[in-house]
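**Q** Pasting the sequence and the predicted model now:
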Amino acid sequence: MLETLRNAWKIPELRQRITFTSIMFLVFRIGSHIPVPGIDPRILEDVFSQGNLLGFLDLFSGGALKRVSLFALGVTPYITASIVTQLLTVVIPSWEEMAKEGEEGRKKLAQYTRYATVVLALIQALSMVAWMRSAVIRPSFTTYAVIAVALTAGTAFLMWLGEEITDKGIGNGVSLIIFAGIVSRLPSGLVQVVSYLKVGAIGIFNVILLALAALGIVVAVIYVQEGERRISVQYSKRVVGRRVYGGQSTHIPLKVNQAGVIPIIFASSVLLFPGTVAQFVSHPWAQAVAGALQMGKPLNTVLYFALTIFFTFFYTAITFNPVDVAKNMQKYGGFIPGIRPGRPTSAYLNRVLYRITVVGALFIALVAILPIFMGVLTGVEGLSFGGTGVLIAVSVALETMKQIEAHMLMRHYEGFLKR
């Protein structure tokens, strides 16, 4: 990895892309500390320490939500809009055709996603203004409007920033913004561990155990994220005019973790929503449900584990359609050795996908509930260690390194052709 970065830095084009991405990271971190006018964030500090939905969303904004800065909403509205657009592409036939049109169709869907992001950001901003009324210094309609517009503009700017990183930098811009927000919280976590060590709350053995656990989690995430089942595909020869096409062998890579981190986000949102709603409802039943679903409670752990597995299968079924893959293979003369084309091929792909998804779903579910047990295993309480943060950080780092290597390989071939 370090050798790849050193080689990439020697290439002028890649050096410019890496520099541009670093500057955009700096802009993101500066914006995360610019407060929204008219709000006293100290009044809201206790809310984010109760394990509610806002505390979970604060992970993706790199602490900007807790500080109530311009980037408080982060890129969460964009992620939600992207997921909704992707789901509607499967449901709405015209959008499905648009997605198959190529670059122009994808541009139209991207534009729809931007519009939906602004609408969702405005709705979330208005909801936050209604919730933060007690923290507003000088309550008035104008103040509420300025806060809502500022939060919406911050999300729109982050969306543009992510697209600029994608076009002129390295990697997926939105994913890298989330990655930067998660990594930015690492120093504060280390400071917290050192403070525990100084006051004698933990010993050096606990710190060593924590470091070994962190290393083991990272290695396991890399192993599963890179794991895939390669299904061999053979294409028969076709004669078109005077040319012969096909006759080569290839494979279909089915990743063990086909759904990525989306199942954890869905499951967390479903479970943490009742606790957030209970803050506005004083009914005893609402408080009882919120108490039972608090992070660390047995009911919360069981439901979190089960919902993560459910959403893994659900999202995998949406993003990968064995019937379409089998039809495309049959259309171009492809077949899996030993399997008949058509329905038997789709049934075989579905069976293989189900088996590897079981492994991927169990792994994601274990990663999701890992922070609940880390305090017991290491003796270090209060750290948001593992889980979604590690999964996102490692996944984005791996994908970014692959894109850097792809740029280097493309430049190598271009230099070869010029000679």
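**A** Cool, the structure landed. Residues are numbered from 1 along each chain as shown.

**Q** need the strands for this structure, in chain order.
**A** 228-235, 238-240, 243-245, 249-255, 334-335 (DSSP state E).

**Q** quick one: low-confidence parts of the stretch 151-300 of the chain?
**A** 237-247, 269, 272-273, 275-283, 286-287, 290, 295-296 (pLDDT under 70).

**Q** let's see it at 90
**A** Along the stretch 151-300 of the chain, the parts satisfying pLDDT under 90 run over 163, 166-300.

**Q** one step back: in a markdown table, list the strands of the chain along with mean neighbour count and distance to residue 144.
**A** Bear in mind the C-beta positions are built from the backbone N, C-alpha and C, glycine included. Shown next, in a markdown table, are the strands of the chain (neighbours: other Cβ atoms under 10 Å; distance: least, Cβ to Cβ, whole Å):
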| stretch | mean neighbour count | distance to residue 144 |
| --- | --- | --- |
| strand 228-235 | 15 | 50 |
| strand 238-240 | 10 | 65 |
| strand 243-245 | 10 | 64 |
| strand 249-255 | 15 | 45 |
| strand 334-335 | 20 | 59 |
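
**Q** Minimum distance to residue 399: which of these has it?
**A** Closest to residue 399 of these, according to Cβ to Cβ: strand 249-255, at 12.0 Å.

**Q** From the chain's centroid, how far away is the closest one?
**A** Offset of strand 249-255 from its chain centre (Cα atoms, centre = their mean, to the nearest Å): 24 Å.

**Q** what does that strand contact?
**A** 225, 227-235, 320, 325, 349, 352-353, 356, 360 (Cβ atoms under 8 Å, 6 or more residues apart in numbering).

**Q** Also stretch 89-106?
**A** Here stretch 89-106 makes contact (Cβ under 8 Å, 6+ apart) with 85, 88, 108-109, 318.

**Q** sorry, back to before: can you put the strands of the chain in JSON lines and add distance to residue 30?
**A** Listed next are those as JSON lines, based on distance: least, Cβ to Cβ, whole Å:
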{"stretch": "strand 228-235", "distance to residue 30": "39"}
{"stretch": "strand 238-240", "distance to residue 30": "57"}
{"stretch": "strand 243-245", "distance to residue 30": "54"}
{"stretch": "strand 249-255", "distance to residue 30": "36"}
{"stretch": "strand 334-335", "distance to residue 30": "51"}
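
**Q** Can you list the buried residues in stretch 206-220?
**A** Buried residues in stretch 206-220, counted by 16 or more other Cβ atoms under 10 Å: 206-207, 209-210, 213, 217, 220.

**Q** same deal with stretch 161-174?
**A** For stretch 161-174, a neighbour-count test (16+ other Cβ under 10 Å) marks 161-163, 165-166, 169-174 as buried.

**Q** same check, this time on stretch 109-122
**A** Neighbour counts over stretch 109-122 (16+ other Cβ under 10 Å) mark 109, 112-113, 116-118, 120-122 as buried.

**Q** how far out from the middle of the chain is it?
**A** Using Cα atoms, centre = their mean, the offset of stretch 109-122 from its chain centre is 18 Å.
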